[in-house]
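Participant: Any chance you could fold what I've pasted below:
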Amino acid sequence: MLVDSSVLVLNQNYEPLSVCTARRALVMQFMGKVEIVETYDGLKVHSVYRSFPLPSVVRVGSYIKVRYRKVQLTRKNIIKRDRHTCQYCGDRTGPMTVDHIIPRSFGGSETWENLTCACSKCNNRKGDLLAEKVGMRLKRRARRPSHIQFIQSFIGIGDERWKQYLFLD
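Facilitator: Model prediction:
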């Protein structure tokens, strides 16, 4: 459905805040909380008596002070960060697991920098050892993603018009 389309929500200063559905964006517009900045070309949402352009990007009416926003550390977000690719062999097929780079038995913690996506084969091969001991190396260093990186990479670009607001132009 059109009302389930993704809409980029910007702060008053055009800083990306989040992504919501078009339904939510339209409701916020009717309540006077946001203004539509960009629309999907030619797409409209129809009511009984009126039609409304389908928003692609909206901006909140008053500035929202946002403290440093952390992306939540979850298994799903680790796999999204690593683009569903094993960080040891580069395989993209099959189920992925989350591996501790430094195993918990060696004092490894549950942090963005110590967790990585691994295929079942590599995770079993590495086991409870350091990767170097079994002749494995990470393809990419694990790190914490920023809020804007999360929107850019993990949620994806819902519309080409988003690129200028996500610093991709």
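Participant: Just the local confidence number for Gly156, please.
Facilitator: Looking at Gly156, its pLDDT stands at 63.
Participant: Give me the contact list for the least confident helix or strand in the chain by mean pLDDT.
Facilitator: Counting by mean pLDDT, DSSP states H and E, the weakest-scoring helix or strand in the chain turns out to be helix 147-149, with a mean of 74. With C-beta atoms under 8 Å, 6 or more residues apart in numbering as the test, helix 147-149 has contacts from 16, 69-71, 166-167. For glycine as for every other residue, the C-beta is placed from the backbone atoms N, C-alpha and C.
Participant: got the CA coordinates for the strand or helix carrying Thr97 in PDB?
Facilitator: Per DSSP states H and E, Thr97 falls inside strand 96-100. Extracted C-alpha coordinates of strand 96-100, given in PDB (Å, rounded to 0.1, in the frame of the first residue of the first chain):
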ATOM      1  CA  MET A  96      24.500 -15.800   9.500                       C
ATOM      2  CA  THR A  97      25.500 -15.900  13.100                       C
ATOM      3  CA  VAL A  98      27.100 -13.300  15.400                       C
ATOM      4  CA  ASP A  99      30.700 -14.100  16.500                       C
ATOM      5  CA  HIS A 100      32.700 -12.600  19.300                       C
END
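Participant: Quick check: bridge partners of Thr97?
Facilitator: Ala118 (DSSP bridges).
Participant: so who does it touch?
Facilitator: When contacts are counted by C-beta under 8 Å, 6+ apart, Thr97 touches 117-120, 123.
Participant: Break the chain into its domains for me.
Facilitator: Listed domain ranges for the chain are 2-67+147-162, 75-134 (source: automatic domain parsing).
Participant: Let's have these in a markdown table, adding distance to Arg141.
Facilitator: As requested, the domains of the chain are arranged in a markdown table below (distance: least, C-beta to C-beta, whole Å):
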| stretch | distance to Arg141 |
| --- | --- |
| domain 2-67+147-162 | 14 |
| domain 75-134 | 8 |
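Participant: among the contacts of Thr97, who's most crowded?
Facilitator: Highest neighbour count within the contacts of Thr97: Ala118, with 29 neighbours (other C-beta atoms under 10 Å).
Participant: Am I right that that one is in contact with Met96?
Facilitator: Yes. Ala118 is in contact with Met96 according to C-beta atoms under 8 Å; the separation is 6.9 Å.
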